[in-house]
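# just coords:
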């Protein structure tokens with residue numbers, strides 16, 4: 001009988017990481033040093049959470065980035081700042097990378113997948129990260145290990161989409177309309193999410209602190225956010241009518257699909273409300289009426305079939321079988337189908353300041369497609 005081995009400690013599991021992820025949950029992993037965390041990070045995280053139809057989005061605060069200088073803020077300071085930003089429902093901030101003693105993203109993802117075998121992970125990053133992804137250790141393995149979502153960032157859209165990583169995995173890039181089912185796809189699979197651009201940058205904020213002898217990081221962040229709010233606010237004298245009467249942007253493929261289906265089914269008074277830059281709820285709302293409960297139910301059912309046939313997964317639906325007011329949430333677009341009297345009572349168009357010209361624009365574009 002050979003010498004006995006000393007008993008080995010049990011592997012450290014989910015409890016050690018402070019995470020609880022149920023079977024089948026769609027989980028976004030949003031990694032970074034967050035030095036400092038700012039509204040741009042929250043904007044990107046919110047876009048990913050909504051567009052990818054995630055159940056959770058975890059901010060993974062890295063102890064350090066091998067490609068960057070040592071973070072200026074202490075780890076607990078950076079994690080606390082991130083926690084104050086990640087206040088949206090279904091977001092949480094984790095120190096899992098520090099607990100795992102992991103320095104590289106590929107190692108972190110592999111360890112998390114091993115511990116949470118039944119979760120469906122997506123790696124979330126900005127276009128600035130995609131532009132330099134080929135410099136990351138194990139970047140090819142990362143593409144082949146987990147689906148990836150890239151959120152547009154100012155100044156990096158072209159650089160990200162023409163980067164070595166984007167070119168290497170060009171055939172694995174999905175249509176943007178497939179974002180809601182990205183978590184269900186086998187890697188390699190990735191999607192580029194275009195969204196309103198937020199100008200905040202950690203590098204720029206740090207540079208402003210270094211250049212100012214009197215301003216600390218909190219002051220610089222507050223000043224930056226106030227400038228962004230001022231720049232994005234409506235000009236003086238631009239009232240509600242101007243918001244509703246603005247020239248309509250070109251419809252996305254998903255919007256065109258939904259509008260065409262409503263037109264085919266003889267839905268009445270179809271209105272598209274553009275929410276880009278106005279709300280994080282969705283990119284747009286589409287409102288339509290049916291002649292009766294039976295017509296509302298039929299229109300809604302046909303819209304749901306069109307979504308499924310287009311490979312966009314299963315939409316969230318409320319209001320059936322009563323069919324007085326049916327809500328269909330496709331992620332980027334939310335569709336409301338009303339009976340006329342119910343629509344008149346709730347008057348969603350008035351809430352969003354939609355003018356008759358906007359209705360005409362929606363109908364005209366549908367009929368011309």
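Alright, I've got the coordinates. Just so you know, these numbers come straight off a predicted model, no measurement behind them.
# switch to C-alpha atoms for all contacts and neighbour counts from now on
Will do.
# Could you list the low-pLDDT ranges of the stretch 251-369 of the chain?
For the stretch 251-369 of the chain, the stretches with pLDDT under 70 are 277-281, 352-369.
# tell me the helices in it, going along the chain?
253-264, 293-309, 340-346, 348-351, 356-368 (DSSP state H, counting those that start in this stretch).
# Kindly reformat those helices as TSV containing mean neighbour count and distance to residue 90.
Shown next, in TSV, are these (neighbours: other Cα atoms under 10 Å; distance: least, Cα to Cα, whole Å):
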stretch	mean neighbour count	distance to residue 90
helix 253-264	19	25
helix 293-309	19	25
helix 340-346	14	29
helix 348-351	13	27
helix 356-368	15	33
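# got TSV for those helices, with distance to residue 126 too?
Formatted as TSV, the helices of the stretch 251-369 of the chain follow (distance: least, Cα to Cα, whole Å):
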stretch	distance to residue 126
helix 253-264	23
helix 293-309	28
helix 340-346	38
helix 348-351	33
helix 356-368	32
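# Now name the helix or strand holding the residue nearest to the spatial centre of the chain.
With distances taken as Cα atoms, centre = their mean, residue 48 lies nearest the centre of the chain, 1.8 Å away. Assigning secondary structure by DSSP states H and E places residue 48 in helix 39-51.
# So the closest residue to residue 37 other than its chain neighbours versus residue 26, what's the distance?
Nearest residue to residue 37 in three dimensions, chain neighbours excluded: residue 82, at 5.2 Å (Cα to Cα, 6 or more residues apart in numbering). Separation of residue 82 from residue 26 (Cα to Cα, to the nearest Å) stands at 21 Å.
# And these two? Which one has more around it.
Taking neighbours as other Cα atoms under 10 Å, residue 82 and residue 26 compare with residue 82 leading, 26 against 23.
# Might you report the residue contacts of residue 322?
Going by Cα atoms under 8 Å, 6 or more residues apart in numbering, residue 322 touches residue 293.
# can you pull out the strands in the stretch 51-200 of the chain?
Here the stretch 51-200 of the chain has its strands, by DSSP state E, counting those that start in this stretch, at 56-61, 91-94, 120-126, 148-151, 190-193.
# Would you reformat those as CSV and include mean pLDDT and distance to residue 258?
Shown next, in CSV, are the strands of the stretch 51-200 of the chain (pLDDT from 0 to 100; distance: least, Cα to Cα, whole Å):
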stretch, mean pLDDT, distance to residue 258
strand 56-61, 92, 27
strand 91-94, 89, 30
strand 120-126, 96, 27
strand 148-151, 96, 24
strand 190-193, 94, 20
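# Is it correct that the residue nearest to residue 37 is in contact with residue 34?
Yes. Between residue 82 and residue 34 there is a contact at 6.9 Å, judged by Cα atoms under 8 Å.
# Which neighbours do the two have in common?
With Cα under 8 Å, 6+ apart as the test, residue 82 and residue 34 both reach residue 61.
# and stretch 127-136, how far apart are its ends?
14 Å.
# Quick one, grab the pLDDT at residue 202.
With respect to pLDDT, residue 202 has a value of 46.
# Just give me the neighbour total for residue 24.
The number of residues packed near residue 24 is 15, by other Cα under 10 Å.
# Double-check that it belongs to a strand.
No. Counting by DSSP: H, G, I helix; E, B strand; the rest coil, residue 24 is not found in a strand; it is coil.
# show me what contacts it?
Residues counted as contacts of residue 24 (Cα under 8 Å, 6+ apart) are 118-120.
# Any chance of these in CSV with neighbour count and distance to residue 77 as columns?
Shown next, in CSV, are the contacts of residue 24 (neighbours: other Cα atoms under 10 Å; distance: Cα to Cα, whole Å):
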residue, neighbour count, distance to residue 77
118, 14, 32
119, 18, 29
120, 24, 30
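# Setting aside sequence neighbours, what's the nearest residue to residue 85?
Nearest residue to residue 85 in three dimensions, chain neighbours excluded: residue 42, at 6.3 Å (Cα to Cα, 6+ apart).
# does the residue nearest to residue 60 when sequence neighbours are not counted count as helix, strand or coil?
In this structure, residue 60 finds its nearest non-sequential neighbour in residue 31, 4.5 Å apart by Cα to Cα, 6+ apart. Using three-state DSSP, the structure places residue 31 in strand.
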